[in-house]
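Student: Show me how the following folds:
(2 chains)
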2 protein chains.
Amino acid sequence: MFRPRFIHTSRTILNRNLTPLTRVKHPEFKRNPSFAQIENKHLEFFKTVLAPNNILHDTNPDDTSSSLIPYNTDWFNLYRGSSSLCLFPTSTDQVSQILKYCNKNKLAVVAQGGRTGVSGGASPVFDEIIVNTSKMNKVRHFDGVSGVAVVDAGVILESLDQYLEPKGYTVPLDLGAKGSCQIGGNVSTNAGGLRLMKFGNLHGNVLGLEVVLPDGTVLENLSTLRKDNTGYDLKQLFIGAEGTLGLITGISLLTPRRPKAVNVAMVALDSFEAVQDAFVMAKEDLSEILSAFEFWDHDSVGVVKREMMQDTSYPIEGKHAFYALLETQGSRLLENGVAMDGVMAQDAKQINAIWSWREKIPESISKSGTAMTYDVAMEVPLLYKLVEDAKDHFGKKGLLGPGNLYSNLLGFGHVGDGNLHIMANLDGFDHDGQEAMDEFVFDWTMRHNGSITAEHGVGVSKVNYMKRAKSDVQLQLMRTLKNAIDPNGIMNPYKVIPDK
Amino acid sequence: MFRPRFIHTSRTILNRNLTPLTRVKHPEFKRNPSFAQIENKHLEFFKTVLAPNNILHDTNPDDTSSSLIPYNTDWFNLYRGSSSLCLFPTSTDQVSQILKYCNKNKLAVVAQGGRTGVSGGASPVFDEIIVNTSKMNKVRHFDGVSGVAVVDAGVILESLDQYLEPKGYTVPLDLGAKGSCQIGGNVSTNAGGLRLMKFGNLHGNVLGLEVVLPDGTVLENLSTLRKDNTGYDLKQLFIGAEGTLGLITGISLLTPRRPKAVNVAMVALDSFEAVQDAFVMAKEDLSEILSAFEFWDHDSVGVVKREMMQDTSYPIEGKHAFYALLETQGSRLLENGVAMDGVMAQDAKQINAIWSWREKIPESISKSGTAMTYDVAMEVPLLYKLVEDAKDHFGKKGLLGPGNLYSNLLGFGHVGDGNLHIMANLDGFDHDGQEAMDEFVFDWTMRHNGSITAEHGVGVSKVNYMKRAKSDVQLQLMRTLKNAIDPNGIMNPYKVIPDK
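Tutor: Numbering: from 1, shown residues only, chains lettered A, B, ... in the order given. Okay, the predicted model is just below:
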């Protein structure tokens, strides 16, 4: 019923050439000298905890043939660490023993799930020990009355969805990476995705967590209750903390009923004001069944046609400034359509066809040359102004268009969530060109009270922007929490919160 | 369109006789001697911050005629403090100045909103300074595209709903106390209410907060974004913290579209298994438009008929073990009803009539004598077993029924949220009888992994049960957070987290 909607579904490293080591590419990161280095005595301890096939060790992790390369390298092949040790615990107790030992011995740790994150948050920066949750992958419990599933952190999102399908339930989040991503990672990064508009975010859908704290203490908080006001809602701390406060080992998740009917329509709109009007109208007409409202600009269609879908006719004729995709999910069919010009899919094949025009945008621009992608959130009325202003800014300098520094510049995204993806092609790799675009996009977003990361997280890729993105008060409170819960700072160092 | 559904809508103190002081009734609470007592120099400072009409001071607060009595006494007239000072700031800056001064001078503080809480959380225990948010009551901003409202903490829930109505939006929570409760208090207590099943809880609907931290620092975090993953989601800490970590002054709230159609049906069911089956069926058939699924037992009907609705015929004939109320809200009318025997309201008058049978239950049992009320959550299949086991336990001892210790014992609640209200009448006030019922209900709930407070919060009334309700690890983490953010412990002391 649900098809993958984005391009990142396999674990292939995109670039055959290994990316430079993060410590080489980003000399601004300095290894924290208070952390110990891995010695034989440490390995001997881990061998008492884990079976031999659950320990991956290589004293030459930087070697191109090292079996640790995939675990040291991030999804986009932009960051690479030098960890010589990757551990695959199979139980919460093993995770507890590992962290207790690491905390005592000041060994830094990075928690890792399905390795589909796109901010470098789950790869080591230096020699942090990787604790990978792949081998903790059981559905512990499911309650068919309440729809609550209790699962191990390493359960793959799509596997859970397949488990739920015959029971009439589905997962409350949908990501392109669903075939690889793990629920523990989804929760740790507060993953958004395509259903957020309908089901809300994980702060609402996660009912409880089991977390191993940095000192090895197990916080058992796997409530299956929708309502529980006994003290602080501790699980919330760990949702979106990107593994800096503890390692999530179990999740209690509220799952919604599987929809009986899915409808998709595509409409043409001549201004971004019209996109917003259509969004308001759709919310009013479709209310609780509106599950997605995506938009893209005309340039996006051009890139997709050129790169990927030359032989497929675009469903709407003529040239329009914008297009929107509306999806409804619910217990009823969409009967009367929406009060706009456009096309409505008549069957599953047409649904897929309409979605693929949306899905092919990032893939097409990647094929068009060196691609830069941004994931920003802001108030809906401002959403496309960023693209317009960027075009104006770089256009006036003569840097836009074929043969120039930025050969393409386009925008698309989730109107329903106020989440814009602005993408650009660099004509050949140009470090200054990338920095200029980064600066423009992030600065513009921050000046307009937006978020420089709507759903991808901070990880290592945006930690250097955090001082500009957040106030001193916010950063100081984050440091206070980090220091209170992880006083030795062993959990996922160098990420999320910048040093003072 | 929405009517108040519970009885607590006015600020009348139920009992004309003042309740004994908390410090007298509960000698187990000891005043923390590290807190300063209010002196003239403190008053002089507050006079430099607030206008004279925003300071209520009385050196004899225990006096029956003191103007501070309503601010010292909780909603149920069960707790009464001895504060001699209630402050009514009109701006966030004033709150900041007050807390900064109190923190420096070790003056304890209790934050107070609409005073509709039912756990004694917003009343002082000893002489804490009351900071009341009633005079901070402006809607700061509303965005008609995104549905995001930014409001002062003191805005009354119903006032916001009235503000939103002509704009086609509504508030995402519905409480009996909506005419008095303030949004800041709702957020501080993570109020649940009748729409939680449809819209989820405040951890999902609150997009941002402005909080004055205990040292007076203003945490400005009023994001209006649905998606923002730049670091820790700090606002989550303060949702449900009952004012122990800071004082919420502003809220950014995601509001849903107002429903176009509301339907209500009442059905008869012969076992709690049948109630559960009906709930599963309703979720499947009605899916996204099912907005409430309430149930009550036959004894509830008996009490309501006897005490309040003698002249009104019950909509369903015959004797059935259980009744359920289904409400749908959505963009369509409920066309075919549900596949069960029962009645469906044909107009707004009948909708109100059906709801009133549900609403009158707590009021009727209150009229039947000394009433005990509990608010517990657990897995839906266990929900009514607590009532059955209590009947069995106390029945075998000959304590149930007219003329006995417990003249009534009944159960009703929100099936959709796994939230049971078990209520009992004590035939005359009997302290041992109350303690025995408390112990049975709380012990049973904890043994079945339930929550001893689903939506009312811990406050002062359940703090002594927290050591049994939560693990040492959970309590210790709560203390760690409290200590990190409020090292002097000035914010709402004696509440929520028990001493070691």
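Student: Which single residue of chain A ends up nearest chain B?
Tutor: Using Cβ to the nearest Cβ, the single residue of chain A nearest to chain B is residue A:204, 2.7 Å away. Quick note: C-beta positions are derived from backbone N, CA and C, even for glycine.
Student: Now do the strands in the stretch 151-300 of chain A.
Tutor: Counting by DSSP state E, counting those that start in this stretch, residue ranges of the strands within the stretch 151-300 of chain A are A:206-212, A:218-221, A:247-254, A:261-269, A:290-297.
Student: Can you lay out the ones you listed as CSV showing distance to chain B, mean pLDDT and mean neighbour count?
Tutor: Written out in CSV, the entries for those read as follows (distance: least, Cβ to the nearest Cβ, whole Å; pLDDT from 0 to 100; neighbours: other Cβ atoms under 10 Å in any protein chain shown):
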stretch, distance to chain B, mean pLDDT, mean neighbour count
strand A:206-212, 9, 97, 26
strand A:218-221, 5, 96, 20
strand A:247-254, 9, 97, 26
strand A:261-269, 10, 90, 21
strand A:290-297, 9, 92, 24
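Student: I'd like those strands as a markdown table, with distance to residue B:327 appended.
Tutor: A markdown table is the format used below for the strands of the stretch 151-300 of chain A (distance: least, Cβ to Cβ, whole Å):
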| stretch | distance to residue B:327 |
| --- | --- |
| strand A:206-212 | 23 |
| strand A:218-221 | 32 |
| strand A:247-254 | 20 |
| strand A:261-269 | 22 |
| strand A:290-297 | 21 |
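Student: Quick one: closest of those strands to residue B:39.
Tutor: Ranking the strands of the stretch 151-300 of chain A by their distance to residue B:39 (criterion: Cβ to Cβ) puts strand A:218-221 first, at 42.6 Å.
Student: by contact count, what packs against the closest one?
Tutor: Applying 3 or more Cβ pairs under 8 Å, 6 or more residues apart in numbering or on different chains; DSSP states H and E, one finds that strand A:218-221 contacts helix A:92-104, strand A:206-212, helix B:472-485.
Student: Direction included, what does the second one pair against?
Tutor: Using DSSP bridges, the strands paired with strand A:206-212 in its sheet are strand A:218-221 (antiparallel), strand A:247-254 (antiparallel).
Student: quick check, distance from the last one to the centre of its chain.
Tutor: Computed by Cα atoms, centre = their mean, to the nearest Å, the separation of strand A:247-254 from the middle of its chain amounts to 17 Å.
Student: do the shortest one as well
Tutor: On the basis of Cα atoms, centre = their mean, strand A:218-221 sits 25 Å off its chain's mean C-alpha point.
Student: elements contacting the lowest-mean-pLDDT helix or strand in chain A?
Tutor: Scoring the helices and strands of chain A by mean pLDDT, DSSP states H and E places strand A:370-373 at the bottom, with a mean of 77. Other helices and strands packing on strand A:370-373, by 3+ Cβ pairs under 8 Å, 6+ apart, are helix A:348-367, strand A:419-426, helix A:431-447.
Student: Any chance of the ones you listed in a markdown table with distance to residue B:346, mean pLDDT and mean neighbour count as columns?
Tutor: A markdown table is the format used below for the helices and strands packed on strand A:370-373 (distance: least, Cβ to Cβ, whole Å; pLDDT from 0 to 100; neighbours: other Cβ atoms under 10 Å in any protein chain shown):
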| stretch | distance to residue B:346 | mean pLDDT | mean neighbour count |
| --- | --- | --- | --- |
| helix A:348-367 | 38 | 85 | 19 |
| strand A:419-426 | 43 | 90 | 24 |
| helix A:431-447 | 52 | 89 | 16 |
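Student: could I get the ones you listed as JSON lines with distance to chain B?
Tutor: Formatted as JSON lines, the helices and strands packed on strand A:370-373 follow (distance: least, Cβ to the nearest Cβ, whole Å):
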{"stretch": "helix A:348-367", "distance to chain B": "17"}
{"stretch": "strand A:419-426", "distance to chain B": "5"}
{"stretch": "helix A:431-447", "distance to chain B": "10"}
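Student: if we can go back for a sec, identify whichever of the strands of the stretch 151-300 of chain A lies nearest to residue B:262.
Tutor: Of all those, strand A:290-297 sits nearest to residue B:262, with 19.1 Å by Cβ to Cβ.
Student: Keeping just the C-alphas, turn the closest one into PDB.
Tutor: Output in PDB follows, covering the C-alpha atoms of strand A:290-297 (Å, rounded to 0.1, in the frame of the first residue of the first chain):
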ATOM      1  CA  LEU A 290      -5.700  15.300   4.600                       C
ATOM      2  CA  SER A 291      -2.400  13.300   5.100                       C
ATOM      3  CA  ALA A 292       0.000  15.200   2.900                       C
ATOM      4  CA  PHE A 293       0.200  18.500   1.100                       C
ATOM      5  CA  GLU A 294       3.400  18.700  -0.900                       C
ATOM      6  CA  PHE A 295       4.500  21.400  -3.400                       C
ATOM      7  CA  TRP A 296       7.200  22.100  -5.900                       C
ATOM      8  CA  ASP A 297       8.000  24.900  -8.400                       C
END
